[in-house]
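Colleague: Just to be clear, the model below is a prediction. Sequence and coordinates:
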Amino acid sequence: MEKFQILRSTAVPLPNENVDTDQIIPARFLKATTREGFGENLFRDWRYAADGQPKPDFVLNNPRFSGRILVAGQNFGCGSSREHAAWAIFDAGFKVVVSSYFADIFRGNALNNGLLPLQVSEEVLQRLLAQIEQDPQTELVVDLPAQTLSVPVWEESIPFAIDAYKKECLLNGYDDIDFLVSQKEAIAAYETSRPWTY
Amino acid sequence: MPKSLFDKIWEAHVVKTVGDLSVFYIDRHLIHEVTSPQAFDEIEARGLPLFRQQQIIATADHNVPTLNQHLPIQEPLSRSQVDKLTENCAKYGVELYGLGHERQGIVHVIGPELGLTQPGMTIVCGDSHTSTHGAFGAIAFGIGTSQVAQVMASQCLLIDRPKRMRISVDGDLRPGVGAKDLILYVIAQLGTGGGTGYFVEYAGSAVRSLSMEGRMTVCNMSIEMGARGGMIAPDQTTFDYLQGRPYAPQGEQWEQAVAYWQTLYSEEGAEFEAEHHFDAAHITPMITYGTNPGMGIPLGGTIPLDVVPSEAAGFSKSLEYMGLTPGESLLGKPIDYVFIGSCTNSRIEDLRTVAAYVQGKHKAPHVEAIIVPGSKQVEKQAKEEGLDRILADAGFTLREPGCSACLAMNEDKIPAGAYCVSTSNRNFEGRQGPGARTLLASPLVAAIAAVEGKISAVPAYNELELAG
C-alpha cells in the first residue's frame, strides 16, 4: 500500500449526495480479475455518453477543475461493497475524498488502499464546495500526521479524526493482513478455547 | 449489565482488542467470482496458505446467464471470471457450488438453504447483501476484497465495533402487505443513510410473525439504509427452518445447538444507541419512485412535491432520470419490464406468491416478465409444485438461477428509458442497465403490474380499505 503523509493539492467538487458505488464504477466494469485500470471507468455513466463521448457538464470533464482531492456530498460510497470503487478513485489519481460522512464499507475499503476518507462537518463541506466552485485554484493541505485539513486562503486549519491504528497503517503503508497474519497463534488459541464451535 | 443479541455474538468472537479495533473471528466466509480473484492473487503473491479453507464456501452467481446454463458462458470476461473461481477453488481446496451443481445459486440464497447460516455465527462475504444471513440471529456483513484476503489469511478481520440500533415493528401486517413492504417502509422513514455506523436488530410482533424467508428479505435490505447489517433473534421459526438441512447440526449436537441458540436474544434493558418504533398497521404496499431505496412511497400515494432545500438538487436529478414529476401518482403508470428475482426476493415463497396471483391470468402483451429463482433448489421445488407451468401459462418464463437483472453484470439487462418493476434491492441510476428506470416493490406488486401492464393497486389491501 502507498504511504500517505502530507498532500497539497487543488480539489474537484462533486456536490451530489448519496453517491453510490454503482455510479463510481458500474457492475459491467467489474469483470477484471486484477486491481489495475478501473480509473478509466470511474463515474462511467456520468462522465461518458453511451457512444463514449465525454459529457461536458460532468466535473471530471470540466477543465476548470483538477487535483488529487475529491470533495463530495454526504453519504459518499453507499451501496455495493465493491472495493473496485476505491480502486477506481485511486487509479484515477485521487488520494483523498472529503465528505460529511461515508458509507461504512467504502470507508474501510478506502483505508485499505491508501485512499484517505476525510470526514468534515456538513457546514465545512458546504463552505469547501462553494470555495472550490468560486476559485478552482484554491489549494487544500491534508496533513495526516497533524490530522488537519488546511485551507490557506481561509487561514484556517480544520482537525479531522482517524483511528490511531489506521493512521499508522496509512503513514507507513502497512496492510491489515500483515498484522492479522502475525496474530495466528492468538487466533488458533481462541479457536480451541471456544465453548461452542460450529 | 443486560446484553443485546448483538453484544452476545460480538463478544464471543473477539480474539483480542487493539486500541479501538478488534481482531474479530469469522465462522463462515462465503465467496463468489466477482470479489474473490484479487484476494486469491494477494494470498498467492504473499505466499500464504488459506488459514481455514474448510470455513470458506464458494458459488458463481453474479456473472452467470439465466438461460442455457449448460452451454459455455458466451461473454468472454464473465466466462473468465467464473473460470478463475473454479481454478482458485480447485487449487486451494475450497468447496464450490459452481455452475451446473445441483445446489448452485445466489450466495445469499444457498447459504441458508444448505444450513450453512446458523444462529450465533459470524458470516462475511465480499457482497453488501451478506446482511441477509442476519435473519438467523447471526452477525453477517459485507466486506471489501482486501478484507476477503484478510479472512482467507487469518479467518479474522481488524474492525471497529458498530453502534447498536433496534427497529421494532409491532402489530399485524395488513392483507397484501409483506416483508418487502415492511423494509421499504422502514428505509423510507429512516433514509438511505439513516443506519450508517449501526448494526440493526429488528424486533416486534410483526417481525416475529414473518417466515424465515420474509426475515431474510428484511435483513437483506439493511445495507440500503447504510447499516452494517441487520439481525433477528432466533426462535422456533428459525430452528424449524434449519433442522435437517445438510450443514445443520444433527442428533445430540442439534440439541446442544438449540439450547445455545435459545440464549441469543436481547435482554430486558439492553442498551441501544438508537431505537425506532413503527406500527405495522401504518405499512401499506410500497413502491420506490427515485434513485435510492429511501425514495419509497405507499403504492397508492404520490411523489413528494418538494424536499428539504439541501436535498433539492438530488431530488430533481433523480426525478429527471426517472421521467417522473413531483406530486405524481404512480398508479396507472405503464411499465415495460417486471423482474422477479435477486437475493431479496427469489425464494420459493416469492415464487408461490407470484404464481398464486397470475394463475388463470396472463401478463400484458407489452410487458417482458423475467422470473429468476435464487437457486437450483428453488427452481427444482417450483417445478415439483407445478409453479413453472402456471407461470408459463401466464406468459412468464422461469429461468435458471443467478443474480440476473439485479445488477446488469450478466446478459439480463433493462434497456435505457424502460420502466421495470423489480423485486430486487437497488434502484440506483443504471443499476439494471445504463438508463434503466427501476421501481422497487414486493413480488405481489410486481406480479400485479405484469398482468395489468401498469402499476396497479393490490386488490386484497384495497378491499380492506373500502370495507374500513
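Modeller: Yep, it's here.

Colleague: ok, residue 169 - how many residues close by?
Modeller: Unless you meant another one, I'm taking chain A. Here the count is done by other C-beta atoms under 10 Å in any protein chain shown, and residue A:169 has 22 residues near it. Glycine gets a C-beta too; all of them are placed from N, C-alpha and C.

Colleague: that answer is for a different chain, and I need it for chain B
Modeller: When neighbours are counted by other C-beta under 10 Å, residue B:169 registers 26.

Colleague: How is it assigned, secondary-structure-wise?
Modeller: Recorded secondary structure, residue B:169: strand (DSSP: H, G, I helix; E, B strand; the rest coil).

Colleague: what's the answer for the one 4 residues further on, then?
Modeller: Three states are possible here, and by three-state DSSP the one that applies to residue B:173 is coil.

Colleague: quick one: it and residue B:180 touch, right?
Modeller: No. Under the criterion of C-beta atoms under 8 Å, residue B:173 makes no contact with residue B:180, lying 11.0 Å away.

Colleague: Those two: which is more packed in?
Modeller: Between residue B:173 and residue B:180, counted using other C-beta under 10 Å, the more crowded position is residue B:180 (27 against 20).

Colleague: Nearest residue to the more buried one in space, ignoring adjacent ones along the chain?
Modeller: Spatially, and ignoring its direct neighbours in sequence, residue B:180 is nearest to residue B:442 (3.8 Å; C-beta to C-beta, 6 or more residues apart in numbering or on different chains).

Colleague: Residue A:194 now?
Modeller: Once its chain neighbours are removed from consideration, residue A:194 has its nearest residue in residue B:12; the separation is 7.7 Å (C-beta to C-beta, 6+ apart).

Colleague: ok, how many other residues are close to the residue nearest to residue B:180?
Modeller: By the measure other C-beta under 10 Å, the count of residues near residue B:442 is 30.

Colleague: what's near enough to touch it?
Modeller: B:178, B:179, B:180, B:181, B:184, B:285, B:286, B:345, B:423 (C-beta atoms under 8 Å, 6 or more residues apart in numbering or on different chains).

Colleague: that older thread, pretty sure the residue nearest to residue A:194 is touching residue B:119, no?
Modeller: No. Counting by C-beta under 8 Å, residue B:12 sits too far from residue B:119 to count as a contact (11.7 Å).

Colleague: who has more neighbours, the two?
Modeller: residue B:119 (25 against 16).

Colleague: For that one, list the residues it contacts.
Modeller: B:136, B:137, B:138, B:234, B:238, B:261, B:264.

Colleague: ditto for residue B:460
Modeller: For residue B:460, the set of contacting residues under the criterion of C-beta under 8 Å, 6+ apart consists of B:175, B:176.

Colleague: Find the residue closest to residue 184 in space, skipping its chain neighbours.
Modeller: In the absence of a named chain, this looks at chain A. With C-beta to C-beta, 6+ apart as the measure, residue B:154 is the residue that lies nearest to residue A:184, at 6.5 Å, once sequence neighbours are left out.

Colleague: not quite, I wanted chain B
Modeller: Computed as C-beta to C-beta, 6+ apart, the closest residue to residue B:184 that is not its neighbour in sequence is residue B:286, at 3.9 Å.

Colleague: For beta bridges, what are the partners of that neighbour?
Modeller: Partner residues in beta bridges with residue B:286, using DSSP bridges, are residue B:298.

Colleague: just checking, it touches residue B:441?
Modeller: Yes. Taking C-beta under 8 Å as the definition, residue B:286 is a contact partner of residue B:441 at 6.8 Å.

Colleague: buried sites along stretch B:390-406?
Modeller: By neighbour count with 16 or more other C-beta atoms under 10 Å in any protein chain shown, stretch B:390-406 contains the buried residues B:390-391, B:394-396, B:398-406.

Colleague: Is any residue of it near chain A?
Modeller: No. Judged by C-beta under 8 Å from any C-beta of the partner chain, stretch B:390-406 stays clear of chain A, getting no closer than 9.1 Å.

Colleague: What mean pLDDT does that stretch get?
Modeller: With pLDDT averaged residue by residue, stretch B:390-406 scores 96.

Colleague: and that stretch, how far from the chain's centre?
Modeller: Taking the mean of its C-alpha atoms, stretch B:390-406 sits 18 Å from the chain's own mean (C-alpha atoms, centre = their mean, to the nearest Å).

Colleague: Keeping just the C-alphas, turn that stretch into PDB.
Modeller: Listed next in PDB are the C-alpha coordinates belonging to stretch B:390-406 (Å, rounded to 0.1, in the frame of the first residue of the first chain):
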ATOM      1  CA  ILE B 390     -48.700 -21.800 -14.000                       C
ATOM      2  CA  LEU B 391     -46.100 -19.200 -14.800                       C
ATOM      3  CA  ALA B 392     -45.600 -20.400 -18.400                       C
ATOM      4  CA  ASP B 393     -49.400 -20.300 -18.900                       C
ATOM      5  CA  ALA B 394     -49.400 -16.700 -17.700                       C
ATOM      6  CA  GLY B 395     -46.600 -15.700 -20.100                       C
ATOM      7  CA  PHE B 396     -43.700 -15.800 -17.700                       C
ATOM      8  CA  THR B 397     -40.600 -17.900 -18.200                       C
ATOM      9  CA  LEU B 398     -39.000 -19.400 -15.200                       C
ATOM     10  CA  ARG B 399     -35.300 -19.000 -15.800                       C
ATOM     11  CA  GLU B 400     -32.200 -20.600 -14.200                       C
ATOM     12  CA  PRO B 401     -30.600 -19.200 -11.000                       C
ATOM     13  CA  GLY B 402     -28.300 -16.200 -10.700                       C
ATOM     14  CA  CYS B 403     -28.200 -12.500  -9.800                       C
ATOM     15  CA  SER B 404     -29.700 -11.700 -13.200                       C
ATOM     16  CA  ALA B 405     -31.200  -8.300 -13.900                       C
ATOM     17  CA  CYS B 406     -30.500  -7.000 -10.300                       C
END
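
Colleague: Give the ranges of residues in the stretch 351-468 of chain B that sit below the confidence cut-off.
Modeller: In the predicted model of the stretch 351-468 of chain B, residues B:463-468 satisfy pLDDT under 70.

Colleague: so where do the helices sit in it?
Modeller: For the stretch 351-468 of chain B, the helices identified by DSSP state H, counting those that start in this stretch occupy B:376-384, B:387-393, B:443-452, B:459-467, in order along the chain.

Colleague: so what does the third one touch, helix or strand wise?
Modeller: Taking 3 or more C-beta pairs under 8 Å, 6 or more residues apart in numbering or on different chains; DSSP states H and E as contact, the helices and strands that helix B:443-452 lies on are strand B:337-340, helix B:348-358, strand B:419-422.

Colleague: Which pLDDT does the model give the closest residue to residue B:293 other than its chain neighbours?
Modeller: Nearest residue to residue B:293, sequence neighbours excluded (C-beta to C-beta, 6+ apart): residue B:224, at 3.9 Å. At residue B:224, the predicted lDDT confidence score is 98.
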